[in-house]
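Chemist: Take a look and give me a structure for this.
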Amino acid sequence: MAFRGALVDRARLVVRVPLPYKVEGTTRFEDLPGAWFRCRFTYNSAPDSDDAQGGRRRTPRTGQIICGVRDMDRQPLAIRSSDRLELDSKQLGRAMFEITSDPEPIRKKRKMLGWMANVTRVEEHEFLEAEP
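Modeler: Presented below is the predicted three-dimensional model:
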């Protein structure tokens, strides 16, 4: 199977950019989504729980992403470990992930094929603000 044929999911980078104004002396940030790109996402197997008392242990949902060197707009793809990733998969659904390692290149002898990076799922709980 060709490398691009294996990229069955899609994702986009979500970059935190500072807003041009400050609120009460602090810089506010905004999440700016990028262009979609093709990728392949796989979950890592969860470690076995060896809890002697039989309690529940919550393990982080970690995985690995493989992607090409360009996004769907044919622009070069620049992945940094400080970015977040919004993943859209037919099998796994839609979720937000944090990139936990610097991406490693996937190469042939003379050609760069893509990137591989480790990710962790971000559990976000939006609390509703009480109105006065």
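Chemist: the strands in the protein, which residues?
Modeler: Counting by DSSP state E, the segments of the chain that form strands are 9-23, 26-43, 62-68, 84-89, 93-99, 104-107, 112-121.
Chemist: how far off strand 62-68 does the longest one point, in degrees?
Modeler: Going back to what we said before, that points to strand 26-43. On the basis of axes from the mean of the first three to the mean of the last three CA atoms, to 10 degrees, strand 26-43 is oriented at 90 degrees to strand 62-68.
Chemist: So which bits of strand 26-43 are buried?
Modeler: Residues 34, 37-41 are the ones in strand 26-43 that count as buried (16 or more other CB atoms under 10 Å). Yep, even glycine has a C-beta here, placed from its N, CA and C like the rest.
Chemist: centre of the chain versus that strand, how much separation?
Modeler: Relative to the chain's own centre, strand 26-43 is displaced by 7 Å; criterion: CA atoms, centre = their mean, to the nearest Å.
Chemist: ditto for the first one
Modeler: Its chain's C-alpha centre lies 13 Å from the corresponding centre of strand 9-23 when counted by CA atoms, centre = their mean.
Chemist: Repeat that for the shortest one.
Modeler: Between the mean C-alpha location of strand 104-107 and the chain-wide mean there is a distance of 17 Å, by CA atoms, centre = their mean.
Chemist: what's next to that strand, contact-wise?
Modeler: 3, 66, 112-117 (CB atoms under 8 Å, 6 or more residues apart in numbering).
Chemist: Now list the buried members of those residues.
Modeler: By neighbour count, with 16+ other CB under 10 Å, the contacts of strand 104-107 hold 66, 114-117 as buried.
Chemist: What is the nearest of these to Phe29?
Modeler: Ala117 (21.9 Å; CB to CB).
Chemist: Could you find the closest non-adjacent residue to that closest one?
Modeler: Pro103 (4.1 Å; CB to CB, 6 or more residues apart in numbering).
Chemist: Equivalent analysis for Asn118, please.
Modeler: Asn118's closest residue in space is Ser101 (CB to CB, 6+ apart), at 4.4 Å.
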